[in-house]
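Need a 3D model of the sequence below.
(one chain, ligands or ions: 1)
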Amino acid sequence: MKAAITATAKYLPDTVLTNHDLEQMLDTSDDWIKSRTGISERRILRDPEKPTSYMCGEVAKQLLEKRHIDAGEIDLIIVATMTPDMMFPSTACVTQSIIGAVNAWAFDLNAACSGFVYALNTAARFIESGAHKKVMVIGADKMSSILDFTDRNTAILFGDGAAGVIIEPAEEEGFGILDARLYSDGLNGKEHLYMLAGGSRYPASHETVDKKMHYIRQDGRQVFKSAVISMADVAEEIMKRNNLQADDVAYLVPHQANQRIINATAERMGVDHSKVMSNVAKYGNTTAGTIPICLAELDEQQKLQKGSNLILVSFGAGYTWGGIYVKWQ
Ligand code: ACO
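Numbering: from 1, shown residues only. Presented below is the predicted three-dimensional model:
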């Protein structure tokens, strides 16, 4: 038995932060940002009273509505995030309380930008085993809560957003989540993209705040190189394992970090640009949110038909990366 996606939903905050707005705050330019990343604007959840779980709650409510089910029918909630409301309890438990999913168990999964593909694959196992019938998987990040808006290397790249899916047993054989390949490389990755403080290594102190250790830091060039290679490799691997030619692919749904990384992945797959989902220009990198936001937009635009072959691919801090093959039911 395979797991299939039966509902999609997204939530993007209303406040738009454009490249021109960033020009007022940083030594950068709209031209530089657009040419290096493809990003024009991103959304910011300005209200300090609204953490990541607020976005998860908005997504979860829509998912229930779209699927016409009660919260009590959900068996499991997984929230992929690297910006949880707090260290504990999990943002998944907070989301559970928002919708009143009294019969679910709930946990967070942190694989940074690969969080959603990790979570979707994990959730699929609970459906395939027969343990569960309805699982909610949400990718959500309030990146503005960990961005240093004086650091032009990172502040321009990210935005806030969330989206998710419900997965259930596929109605027919041969449909649903058919294959997944997931990877981690902490040996080479852990030094290049991180937020040092706030955990047990550097608990919050005056010193960690003074040294700005509660913000995301990266070696962008190094991350870029690894992302291009790993996303293209895993996309190619998924195609080979499933005997897919470029023409068989309805949509490549890549993590939205940088248009140049997306283009390089599509080129290696030989997939035409018309089949590549891209919304990085309007939302920037919403980390665990990017892939489900893309899925929700494709679904809203009614671009997904029964039998459409989708390849989801991601890369993020860790390093973590992976690909999933979905045949839409
Ligand atoms: N505005 C203007 N100039 C800038 C900016 C900016 N915002 N940021 C850096 N520069 C400058 C640099 O200081 C450098 O100047 P120098 O040559 O005088 O030293 C110059 O621009 C070139 O910098 P590079 O870092 O080489 O620029 P690059 O073409 O690599 O682009 C970028 C930088 C966009 C960060 C790119 O490396 C990238 O996208 N990396 C991937 C990072 C990423 O997406 N991380 C997110 C999480 S992981 C993931 O989602 C895949």
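
Residue 122 against residue 108, yeah?
No: using C-beta atoms under 8 Å, residue 122 is not in contact with residue 108; the gap is 11.5 Å. Bear in mind the C-beta positions are built from the backbone N, C-alpha and C, glycine included.

Looking only at neighbour counts, state which of the two leads.
Using other C-beta atoms under 10 Å as the criterion, residue 122 and residue 108 rank with residue 108 on top: 25 against 19.

Which pLDDT value goes with the spatially most central residue of the chain?
The residue lying closest to the centre of the chain (C-alpha atoms, centre = their mean) is residue 288, at 2.5 Å. Here, the pLDDT recorded for residue 288 equals 98.

isn't it right up against residue 143?
No: the pair residue 288 / residue 143 is not scored as a contact, 9.9 Å apart, by C-beta under 8 Å.

quick one, what contacts the residue nearest to residue 131 when sequence neighbours are not counted?
Ranked by C-beta to C-beta, 6 or more residues apart in numbering and with sequence neighbours excluded, the top spatial neighbour of residue 131 is residue 75, at 7.8 Å. By C-beta atoms under 8 Å, 6 or more residues apart in numbering, the residues touching residue 75 are 103-105, 126, 131-135.

Quick check, the residue in the stretch 101-250 of the chain closest to the ligand?
Nearest residue of the stretch 101-250 of the chain to the ligand: residue 220, at 3.0 Å (C-beta to the nearest ligand atom).

now that residue, nearest residue through space, not along the chain?
Nearest to residue 220 is residue 153, by C-beta to C-beta, 6+ apart, at 5.7 Å.

that's a helix at that neighbour, yeah?
Yes: using DSSP: H, G, I helix; E, B strand; the rest coil, the assignment for residue 153 is a helix.

what about it, how many neighbours?
A count of nearby residues for residue 153, using other C-beta under 10 Å, gives 15.

what's the answer for residue 42, then?
Residue 42, neighbours per other C-beta under 10 Å, totals 30.

Leaving out the residues flanking it, which one is nearest to it?
Leaving aside its chain neighbours, residue 42 sits nearest to residue 159 (2.9 Å; criterion: C-beta to C-beta, 6+ apart).

Paired strands for the one helix or strand residue 164 maps to, with orientation please.
For residue 164, the host element (DSSP states H and E) is strand 160-169. In the sheet, strand 160-169 lines up against strand 3-11 (antiparallel), strand 135-142 (antiparallel) (DSSP bridges).

Please read off the pLDDT at residue 268 from the model.
89.

and the helix or strand encompassing it, C-alpha only, in PDB?
Using DSSP H and E, residue 268 maps to helix 259-269. C-alpha atoms of helix 259-269 as PDB (Å, rounded to 0.1, in the frame of the first residue of the first chain):
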ATOM      1  CA  GLN A 259      16.800  30.300  -9.300                       C
ATOM      2  CA  ARG A 260      20.300  29.300 -10.400                       C
ATOM      3  CA  ILE A 261      20.200  26.100  -8.300                       C
ATOM      4  CA  ILE A 262      16.800  25.300  -9.700                       C
ATOM      5  CA  ASN A 263      18.000  25.800 -13.300                       C
ATOM      6  CA  ALA A 264      21.000  23.600 -12.800                       C
ATOM      7  CA  THR A 265      18.800  20.800 -11.500                       C
ATOM      8  CA  ALA A 266      16.400  21.100 -14.400                       C
ATOM      9  CA  GLU A 267      19.200  21.100 -16.900                       C
ATOM     10  CA  ARG A 268      20.800  17.900 -15.500                       C
ATOM     11  CA  MET A 269      17.400  16.200 -15.700                       C
END
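
Roughly how far does the residue nearest to residue 131 sit from the ligand?
30 Å (C-beta to the nearest ligand atom, to the nearest Å).

Buried residues, stretch 139-154. List them.
Residues of stretch 139-154 classed as buried by neighbour count (16 or more other C-beta atoms under 10 Å): 139-147, 152, 154.

Oh, that last question was meant for stretch 277-284, not what I typed.
Across stretch 277-284, burial judged by 16+ other C-beta under 10 Å covers 277-280, 282-284.

for stretch 212-221, same thing?
Neighbour-count burial for stretch 212-221 flags 213-218, 220 (criterion: 16+ other C-beta under 10 Å).

Make TSV out of those and add secondary structure.
TSV is the format used below for these (three-state DSSP):
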residue	secondary structure
213	coil
214	coil
215	coil
216	coil
217	strand
218	strand
220	helix
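
Taking those together, which two end up most distant?
Greatest spatial distance in the buried residues of stretch 212-221: 214 and 220, 19.4 Å, computed using C-beta to C-beta.

residues touching residue 161, list them.
Going by C-beta under 8 Å, 6+ apart, the list of residues near residue 161 reads 10-13, 43, 55, 140-141, 283, 286, 289-290, 293.

from these, which is closest to the ligand?
residue 290 (8.0 Å).

mind checking the SS state of the closest residue to the closest one other than its chain neighbours?
Nearest non-adjacent residue to residue 290, counting by C-beta to C-beta, 6+ apart: residue 256, 4.0 Å away. At residue 256 the chain is in coil, as set by three-state DSSP.
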